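Visitor: pasting the sequence and the predicted coordinates here, then a few questions.
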Amino acid sequence: MTFLREQADGASISLLIHVQPKASRTRLAGLHGEALKLCITSPPVDGKANAAVIEFFAKLFKIPKEAVTIA
């Protein structure tokens, strides 16, 4: 899985994602090239899409939102 990478610290991972904002529903939609495609309903304005991405992965992995970062 090229979209998933373990970090050197051994305690965290990185995901290569392609985000499609303003989708009809929030869902993982498979692969987009070598990235994992995430469709979200939020628009890409005022940080709403980024907040939705953080919330999605926090819920998916059952971790606090503060543990999810976008690089």
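Guide: Received it, and whenever you're ready, just let me know what you need. Numbering: from 1, shown residues only.
Visitor: which residue is nearest the middle of this structure?
Guide: Nearest to the mean C-alpha position of the chain, by CA atoms, centre = their mean, lies Val53 at 4.8 Å.
Visitor: how about the nearest residue to that one, chain neighbours excluded?
Guide: Among residues not flanking Val53 along the chain, Val19 sits closest, at 6.0 Å (CB to CB, 6 or more residues apart in numbering). All C-beta atoms are positioned from the backbone trio N, CA, C, and that covers glycine.
Visitor: hmm, back to that, now the residue nearest to the centre of the chain: how far from Gly10?
Guide: To Gly10, Val53 is 24 Å away according to CB to CB, to the nearest Å.
Visitor: helix or strand: which one has Phe57?
Guide: With elements taken from DSSP states H and E, the one containing Phe57 is helix 48-61.
Visitor: if we can go back for a sec, for the residue nearest to Val53, give the beta-bridge partners.
Guide: Beta-bridge partners recorded for Val19 (DSSP bridges): Leu38.
Visitor: OK, contacts around the spatially closest residue to Lys48 that is not a sequence neighbour?
Guide: Distances taken as CB to CB, 6+ apart place Ser42 nearest to Lys48, at 4.3 Å, with adjacent residues excluded. By CB atoms under 8 Å, 6 or more residues apart in numbering, the residues touching Ser42 are Pro21, Lys22, Lys48, Ala49, Ala51, Ala52.
Visitor: try 6 Å
Guide: Each residue near Ser42 by CB atoms under 6 Å, 6 or more residues apart in numbering is listed here: Lys48, Ala49, Ala52.
Visitor: now do Pro43
Guide: Counting by CB under 6 Å, 6+ apart, Pro43 touches Pro21, Lys22.
Visitor: quick one on the thing from earlier: just give me the neighbour total for the residue nearest to Val53.
Guide: By other CB atoms under 10 Å, 20 other residues sit near Val19.
Visitor: ok, back up a step: now, of the contacts of Ser42, which are buried?
Guide: The neighbour-count test (16 or more other CB atoms under 10 Å) applied to the contacts of Ser42 identifies Ala49, Ala52 as buried.
Visitor: that concludes my questions; thank you for your assistance.
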